Structures are given as C-alpha cells and as structure tokens.
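**Student:** how would this look folded up:
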Amino acid sequence: MARLPVLGLLAVALTACSSAPPSPAKAPENPPVAAAAPAAQAPAPKPDANAVDPAVIKALQDMGASLQSLKQFEVGISLTGERVLQDGQKLQHTAIADLDVVRPNKLRATMRSARLQRDLIYDGKTVTLYQPEQKYYSQAQFSDNLNTLVDRLGERYGIEVPSADLFLWGTPAAPVDNIESAMNAGQDFIAGDLCNHYAFRQGQFDWQIWISAGPRPLPRKLVITNRSDDARPQSVTYYKWNLNAKFGNATFAFTPPAGAKAAEFVPLKSR
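**Tutor:** Down below sits the predicted model:
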C-alpha cells in the first residue's frame, strides 16, 4: 500500500487569499523639492464603540440554525480566489464543488479545478478520499456526525471539506463573540434571489455574506478579504441550493475503479 500525504481539497485546488508582498518601489536618485505642507487635516473619527449590530448577529445565528435544520440537500459551490504576485499583480483562479448531504452522517463531495480533482465520500462508517487523476484512494474508519468529521479531517490529516462553514455555522464551533464588527449593508439580488447583505470584521479578515431574505435564510454568496496583505486578496464563493435532492445508497458508497490503488492517510504529525 502506498503512503501518501493527504492534500487539502479545495485549498490546494485553488490558492485563495494568499499573497506575497509587492516589491518596494525604488526611490528616485534626485527627489524633487518638497512642496509646502498642506493644512493639517482633522483627525479621523473614532469607530463606533458599539460596532456590532445585535440584529446582524441574530441574522447570522438564524442562518446557522436554518443550515443545521437541513436533513438532506445538495449545494453547488463556485469559488474564485486571488493570488498576488511579487509585483502586486493579482491572478484569479477558479474551482467548483458539489456536496450531496444526508444528515447526520452521509456526504459526497466532488471538487474540480484545472489543477486538482478530489472526491470525498462518507457513508457513516468509512471516509474515503479518491484522486481520479492519479487513481489513488485513502480510507479511514469513522462513525461520528458530519460536524465532527469536518473538524477531525482538518485536525488529523489537514483535509479541508469544501465550504466547511456550512456544517459549522449554528454550532459552538462557530462562535460569534469574536466578531469585532457586524453591520447591515442592505439588500442585493444573487442569481435572482433577494438577499440581505451583511459585513463583518474578525482579526485580519473582513467578510461579507448574502443571505436569502425568504423564509429559509441560507447563504448565497460569501466574500473574504485578507487585510494582513496590503494587496487585500479576496475569495468569492457562490452557493446554489437544492433542498429537494434525492439520493440512493450508491451516492455514498465507494467502489475502487479498475486500476485504483490504496494509499494510507498520513496524519499531520507524521509528515
């Protein structure tokens, strides 16, 4: 059996919000004589001490509760991320994923980009990672729910489930007390669906989310901006929901294709 490190899923397929600092500009040999200093400007107003709107936090919690209430669904994910070159030029890359979910413990995630292909299948007893191009598959025994699966895959093997927040919003794994700013940014249409637009700030990241304004508050768009980089690279994710999806047992079963070879999962501490 081969022994291969397990790569991140969409994280490797798409380098999002990662960047290198732009090259500093070279100072001119003979700088011009400085002009007279402009009049001093009034100091910028201090941010509102109560920057977190409780109604926005409530909207985020309602969305999380709605996500956790879904028993069976399909969601198509379209992700665009930016990579910043040394000279500050930005390059965009795209990836797509499709999640078939039956709670509490069944998942099929297909991830595709020009760089990488991965399939993740969980039938409630065994989790399988299959690499179609290389025809390698890795398997591990697991018997917990999807929320725990998302955490354990990341902690043990560095595997990122696409849009893992969909399983964590509305649970203790996604606390809201570390949000530094939360504001209502109005409304927009996303693919014809009227959505409430909210903006947040946490640590070195700003993020915006568009949530369906109808009776089922589900995320339709997510934008993350990395403020730790002067270039402010972003990732943009769109979600397309099918709440009436029907799945057979074969959806969550894995049979190794002809010629496929088994490869062990390698825990992060063993690399």
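**Student:** center of the protein - which residue?
**Tutor:** The residue at the geometric middle of the chain, judged as the C-alpha nearest the mean C-alpha position with Cα atoms, centre = their mean, is residue 163 (4.2 Å).
**Student:** who does the residue lying closest to that one once chain neighbours are set aside form a beta bridge with?
**Tutor:** Distances taken as Cβ to Cβ, 6 or more residues apart in numbering place residue 77 nearest to residue 163, at 5.3 Å, with adjacent residues excluded. Quick note: C-beta positions are derived from backbone N, CA and C, even for glycine. Taking DSSP bridges as the rule, residue 77 bridges to residue 97, residue 239.
**Student:** measure residue 77 to residue 225 for me?
**Tutor:** When distance is defined by Cβ to Cβ, to the nearest Å, residue 77 is 19 Å away from residue 225.
**Student:** same question, residue 133
**Tutor:** 32 Å.
**Student:** those two: who's more crowded?
**Tutor:** residue 225 (19 against 8; other Cβ atoms under 10 Å).
**Student:** measure that one to residue 235 for me?
**Tutor:** Counting by Cβ to Cβ, the gap from residue 225 to residue 235 is 8 Å.
**Student:** give me the number of residues near residue 242?
**Tutor:** Residues near residue 242, counting by other Cβ under 10 Å, number 13.
**Student:** chain neighbours aside, what residue packs nearest to it?
**Tutor:** Distances taken as Cβ to Cβ, 6+ apart place residue 74 nearest to residue 242, at 4.2 Å, with adjacent residues excluded.
**Student:** repeat for residue 155
**Tutor:** residue 268 (7.8 Å).
**Student:** read off the pLDDT value for that neighbour.
**Tutor:** Model confidence at residue 268, expressed as pLDDT, equals 79.
**Student:** thinking again about what came up before, isn't the residue nearest to the centre of the chain up against residue 99?
**Tutor:** Yes. Between residue 163 and residue 99 there is a contact under Cβ atoms under 8 Å: 7.4 Å.
**Student:** thinking again about what came up before, could you look up the SS state of the residue nearest to the centre of the chain?
**Tutor:** State at residue 163, reduced to three classes by DSSP: H, G, I helix; E, B strand; the rest coil: coil.
**Student:** can you offset everything so residue one is 289?
**Tutor:** OK, 289 is where the count begins now, so the last one is residue 451.
**Student:** ok, it to residue 376 distance?
**Tutor:** With distances defined as Cβ to Cβ, the gap from residue 451 to residue 376 amounts to 29 Å.
**Student:** re the thing from before, isn't there a strand covering the residue nearest to residue 530?
**Tutor:** Yes. Judged by three-state DSSP, residue 362 forms part of a strand.
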